[in-house]
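>>> Give me coordinates for this.
(3 chains)
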Amino acid sequence: MENIQTPEYAIETKNLFIFYGSFPAVSEVNMRIEKQKVTAIIGPSGCGKSTLLRAFNRMNDFVPSSYVTGEILLQGQNLYGKDIDPVEVRRKIGMVFQKPNPFPKSIYENISWGAKINGFKGNMDELVEQSLRGAALWEEVKDKLKKSAYELSGGQQQRLCIARTIAIQPEIILMDEPASALDPISTLRIEELMQELKQNYTIIIVTHNMQQAARVSDYTAMMMLEKDGSRSGTVIEFSETKKIFTNPKDKRTEDYVTGRFG
Amino acid sequence: MNPNRDHYPKGEALHRSLSRRYRSASIWQTLFFSALVIAILSLAALLYNVVDGAFGYVAFEYKNDPSEFTSKALDDLNKQELLDILTTNLSSGAFKKLDNEKAMEKRSKSDLYTLVLERLIQIDTKQTWSMTDSIFRSSEIKAEVAKKYPDAKLEFRSWLTPVFLTTPMSSKAEFAGVRTAILGSLWMVGIAILFALPIGTGAAIYLQEYASKNFLNRVIQTNINNLAGVPSIVYGMLGLAIFVRALEPFTSGSMFGVTDSNGRTILSAGLTMGTLVLPLIIINAQEAIKAVPDSLRQAAFGVGATRWQTVWHHVLPNALPGILTGSILAVSRAIGETAPLIVVGASTFISLDPEGPFSKFTALPIQIYQWTTRAQSEFHSIAASAIIVLLILLLSLNATAVLLRNRVQRKY
Amino acid sequence: MKQENTIMENKIFRPLDLKKKMRPAESIIQSLLFISGVLSIFITVAIVYELGKEALLFFNNPDVTFAKFFGTTQWQPGIGLFGIWPLVTSTLVTSFIAMFVSLPLGLAAALFLSEYASPKARSALKPILEILAGIPTVVYGYFALLFMTPLLQKIFGDGVEVYNMLSAGIVMGIMILPLISSMSEDALSAVPRALREGAYAMGATKFETSIQVVLPAALSGIGAALIIGISRAVGETMIVAVAAGSGPNFTFNPFKAAETMTGHIARISGGDLSYNSIDYNSLFAIALMLFLVTLVLNLISQGIINRFRQRYE
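Take a look at the predicted model:
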């Protein structure tokens, strides 16, 4: 069923609107996100970047009044289709949050927990080691796997969160300003890590930091509030990162990336 | 690409494992919900149990046949005829005593009727039945009564009547009421609030508006939180040692020339109860004061007000509904408390209304306790009726508190 | 009004004076407020002093020895029997039954309310728990004696005495349930949303999230609820006074009647008790034990809650 035809894109949105009550927080987004690339979503604060990102793994389901129109397609299936289980969606599309949020458990359990609930059958020790290596954390924590995750530094905690996400082997990893709560050195390590991860995963990252977007991403989506003053955000330009930063089509993008805006 | 992906269930297996996870989740969720169902059922059972006891069939006999006193049917007698019966049949001492309590001529017809029943004919309750039994086993009960007590009358009675509310205590369940108990409760709660509300509010103002974060104030705060958790019977012991015993000259009123009394008075009970609710009042008042926005204080300080002016003119008026809500909740706690009153010595049999803080007293929960622990089922019936009175009282107090709280919430 | 005017005038027309001024009214008020605050400490001191003083008289009685107090199992101070155990064991048995009922039920109710119930269902269900919490304990006593005991007799047969610890314990559990549930709910809802989101993002179901992530994170708060619950059960008087039995009885059989510490105080002090008797003193010794036990439990619980609060702030 899976590999009859390999779709070109990791994920695709068609005429996507995201509502909070009757208010469209994000309107009319049409994007095709390439496999095994890093796609950055940038834009001024309050323009719906996080809302859009959270739509990709149905985290907005927990906001009581929110709903979505249009489609988000993962391998041809609409994530918001009637027979789609949000739990399965999140299993395939992992997420790393703005603030590191390890579980109040040991380092080892932080990684093994997700694997266990998802029915992992292999060797758990191996998986933990692989995932920690994958998140470039193994060398720092291999001697204290039984210690509480809360004993790690903020940067280490965030890499632990990345490690637990790759342990369940998702197709796509969403990152919501993953370095905004970290110091510059930790930020650099996360950025390096993303370059390694994209060999295996598709990464979508929301960032405030334009330099970061320029450094890490292959594609960039520029979001902005719509001109009509409706306070609804939309993607005004989406293309290769190089183009966005050197030769943007939209005047507003140019203003923003050159710092003349916001 | 990555070998681990093979270790996770796929396709059909994934679906099966997921539906298994969902199934166990929904079983547990049902279990969690059933805890609430049990809570609801318990509450329903409790209320049902009380109502069930307060109404139902009673089989009773007259100790002395009414025909010994009158040729008419009892219900047909008018006031004068009832009075005549009492005058001729009561001993002159007993008649005088009743006349002293309230002049016989001034008493109502139903009052006299009750006296005739209570003093002369005298009711002997044989058996009572619960409401459910009375409704569903009516014919069986009638047959049973006919067999066991051939002379007895069977009547469906509401033990909770207006008369029950206005009659004083009596040693006969059929003629007992909660008038003295209600008045005792009101006196006691009134004294408790008079004592605890000003002090509690003052302490709350001190802790929220004046206290710096030093050791002493931290001790005070911790201490108040702990006092709120001290068992109520310990407050009773404190009241017994201090208010009843050590301060007897004050609480018995002998300092003020009241004689014929010991320290087991309404005043002792009220002060004990005031001590008990004090921590509650402080904690609630602190919450209310905390809820007043800081901008208001800054605005007052900004125009040169002193701290007390700020508190008195701005903080307190805004915190007042919250403080009152807290006090009402404290009142309802005090009205239902029983154990400390037993310890400080509530009297169980009082037929006279309390006259002031130095009277002996009884209270509603004390009566409920006394009647519940009696062996005869007619006392359980009046205990149930008294519980209904108490619950209605508490319900209306809490409803007032909720209304007040909602008004406050709308404000900010 | 008049006075304020003069103050105004002074300020305006006198040369600028920013030195501290005496405000006698302010100081008096402040001292009154301070006294109100300190009064609570006096209450605690008075409790400790009064209970301690009388308890000391009890223990100083030549007939009372520690060996008798902790080494024998009959309590009847009037005739020289000073073994505290029957009162302690019945307190333990009723409290244990109460916690056995209220902890699982209260926790389950809290989990449902905080993790599953819609806001609408929550606002419909919570008042029911609040009503349960507001019912006076003497009413629970009536319920235990006249509903629960007959019910237990129907289920377990004649082995259940008219007064028994099981009935009192179960009803006490129902009484404590709302406390456990509301404290546990507070603890559960204090768990940051980020943790739940982290679990959801790993493909966890709502149930897995609430049981395996939220519940362990709230465990210390739930522990605090458990301890407060025990303290409430140990100190509860009316239910046991009505339904558990009158008369000390050294037994662990929940079907039997046995008087608890609180029930004993209520029964003895309710009668005609003369001051300066060994009975009178002994009650204070029991009350002191009660006070100390509940104080320690409350302090532990508060300590847990304070630490728990700091962790997520």
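
>>> What's the first helix or strand after the longest strand along chain B?
When chain B is parsed with DSSP state E, its longest strand is strand B:55-62. Later in the chain than strand B:55-62, the nearest helix or strand by DSSP states H and E is helix B:79-89.

>>> Now the helix or strand just after that next one: buried residues?
Per DSSP H and E, the first helix or strand lying C-terminal to helix B:79-89 is helix B:92-101. For helix B:92-101, burial by neighbour count (16 or more other C-beta atoms under 10 Å in any protein chain shown) applies to B:F95, B:L98, B:D99. (Each C-beta comes from the backbone N, C-alpha and C, glycine too.)

>>> C:S90 against C:K256, yeah?
No. Counting by C-beta atoms under 8 Å, C:S90 stays clear of C:K256, with 9.1 Å between them.

>>> Compare those two and say which is more crowded by neighbours.
Between C:S90 and C:K256, counted using other C-beta atoms under 10 Å in any protein chain shown, C:S90 has the larger neighbour count: 30 against 19.

>>> how close does that one get to C:L51?
In this view, C:S90 and C:L51 are 21 Å apart by C-beta to C-beta, to the nearest Å.

>>> for C:I278, same thing?
Taking C-beta to C-beta, one finds C:I278 at 16 Å from C:L51.

>>> Compare neighbour counts for these two and give me the winner.
Neighbour count, other C-beta under 10 Å: between C:I278 and C:L51, C:L51 has more, with 24 against 17.

>>> tell me the centre residue of chain A?
A:L174 (1.4 Å; C-alpha atoms, centre = their mean).

>>> Which single residue of chain A ends up nearest chain B?
A:G122 (3.4 Å; C-beta to the nearest C-beta).

>>> From the opening residue of stretch C:76-95 to its closing one, how far?
23 Å (C-alpha to C-alpha, to the nearest Å).

>>> near chain B, anything from it?
No. Counting by C-beta under 8 Å from any C-beta of the partner chain, chain B has no neighbours in stretch C:76-95; the shortest distance is 11.2 Å.

>>> Need the contact partners of that stretch.
C:63-65, C:68-75, C:165, C:168-169, C:172, C:230, C:233-234, C:240, C:244-245, C:248-252, C:254, C:258-264, C:278-279, C:282, C:286, C:289 (C-beta atoms under 8 Å, 6 or more residues apart in numbering or on different chains).

>>> How about stretch B:178-191?
So stretch B:178-191 is in contact with B:164-169, B:266-267, B:269-271, B:273-274, B:331, B:334-335, B:341, B:346, B:350-354, B:357, B:359, B:361-367, B:385-386, B:389, going by C-beta under 8 Å, 6+ apart.

>>> and those residues, which are buried?
Looks like those have B:164, B:167-169, B:266-267, B:269-271, B:273-274, B:331, B:334-335, B:341, B:346, B:350, B:354, B:357, B:359, B:361-367, B:385-386, B:389 buried, using 16+ other C-beta under 10 Å.

>>> Which helix or strand contains A:I11?
strand A:9-20.

>>> Going along the chain, name the strands of chain B.
B:55-62, B:123-128, B:153-158.

>>> contacting residues around residue 195?
Because you didn't say which chain, this covers chain A. A:Q195 makes contact with A:V38, A:V216, according to C-beta under 8 Å, 6+ apart.

>>> Can you look at chain C instead?
Counting by C-beta under 8 Å, 6+ apart, the residues that C:L195 touches are A:N101, A:F103, A:P104, C:V213, C:V214, C:A217.

>>> any idea which of these has the most stuff around it?
Result: A:F103 is most packed of the contacts of C:L195 (other C-beta under 10 Å), 25 neighbours.

>>> Let me know the secondary structure of that residue.
Secondary structure, DSSP: H, G, I helix; E, B strand; the rest coil: A:F103 is coil.

>>> now C:M22
Under three-state DSSP, C:M22 comes out as coil.

>>> neighbours around it, how many?
The number of residues near C:M22, taken as other C-beta under 10 Å, comes to 7.

>>> Wait, a strand at C:A55?
No. With three-state DSSP as the criterion, C:A55 is helix rather than part of a strand.

>>> Next, give phi and psi for the closest residue to chain C within the stretch 151-262 of chain A.
Closest to chain C within the stretch 151-262 of chain A is A:I168: 5.9 Å, counting by C-beta to the nearest C-beta. Per-residue torsions, A:I168: phi -90, psi 10 (degrees, to the nearest 10).

>>> Find the nearest non-adjacent residue to it, please.
Excluding its sequence neighbours, the residue lying closest to A:I168 (C-beta to C-beta, 6 or more residues apart in numbering or on different chains) is A:G114, at 4.6 Å.

>>> Roughly how far does that neighbour sit from A:Q169?
10 Å.

>>> So if I had to pick from these two, which one is more boxed in?
A:G114 (28 against 25).

>>> Roughly how far does the more buried one sit from C:S118?
27 Å.

>>> Repeat that for A:D183.
42 Å.

>>> quick one: contacts for C:V234?
So C:V234 contacts B:P231, C:T91, C:S95, C:M261, C:T262, C:L290, C:V293, C:T294, C:L297 (C-beta under 8 Å, 6+ apart).

>>> Just those residues: which are in helices?
C:T91, C:S95, C:M261, C:T262, C:L290, C:V293, C:T294, C:L297 (DSSP state H).

>>> and of those residues, the nearest to chain A?
C:L297 (25.1 Å).

>>> Domains in chain B, by residue range?
When chain B is parsed with automatic domain parsing, its domains come out as B:55-98+B:112-157, B:179-408.

>>> Packed most tightly, which of these would that be?
Of all these, domain B:179-408 carries the top mean neighbour count, a mean of 21, counting by mean count of other C-beta atoms under 10 Å in any protein chain shown.

>>> hang on, isn't B:A228 packed against B:I283?
Yes. Here B:A228 reaches B:I283: they are 6.3 Å apart, a contact under C-beta under 8 Å.

>>> looking at it, the residue nearest to A:I168 is touching C:M202, isn't it?
Yes. Here A:G114 reaches C:M202: they are 3.7 Å apart, a contact under C-beta under 8 Å.

>>> what touches both of the two?
A:R164, A:T165, A:I168.

>>> ranking the residues you listed by neighbours, who comes first?
A:R164 (29 neighbours).

>>> Okay, and it sits in which element?
helix A:154-167.

>>> Can you list the helices and strands that that helix packs against?
strand A:93-96, helix A:107-117, helix A:124-134, helix A:138-141, strand A:172-176, helix A:184-197 (3 or more C-beta pairs under 8 Å, 6 or more residues apart in numbering or on different chains; DSSP states H and E).

>>> would you list those in a markdown table and tack on mean pLDDT?
Shown next, in a markdown table, are these (pLDDT from 0 to 100):
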| stretch | mean pLDDT |
| --- | --- |
| strand A:93-96 | 92 |
| helix A:107-117 | 91 |
| helix A:124-134 | 92 |
| helix A:138-141 | 92 |
| strand A:172-176 | 93 |
| helix A:184-197 | 90 |
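
>>> Turn those into CSV, including distance to B:K109.
CSV is the format used below for those (distance: least, C-beta to C-beta, whole Å):
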stretch, distance to B:K109
strand A:93-96, 82
helix A:107-117, 78
helix A:124-134, 89
helix A:138-141, 91
strand A:172-176, 82
helix A:184-197, 92
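
>>> who wins for proximity to C:G141 among those?
helix A:107-117 (46.6 Å; C-beta to C-beta).

>>> what residues does the closest one touch?
A:102-103, A:105, A:124, A:127-128, A:131-132, A:141, A:144-149, A:152, A:160, A:163-165, A:167-168, B:8, B:21, C:202-205, C:208, C:212-213.
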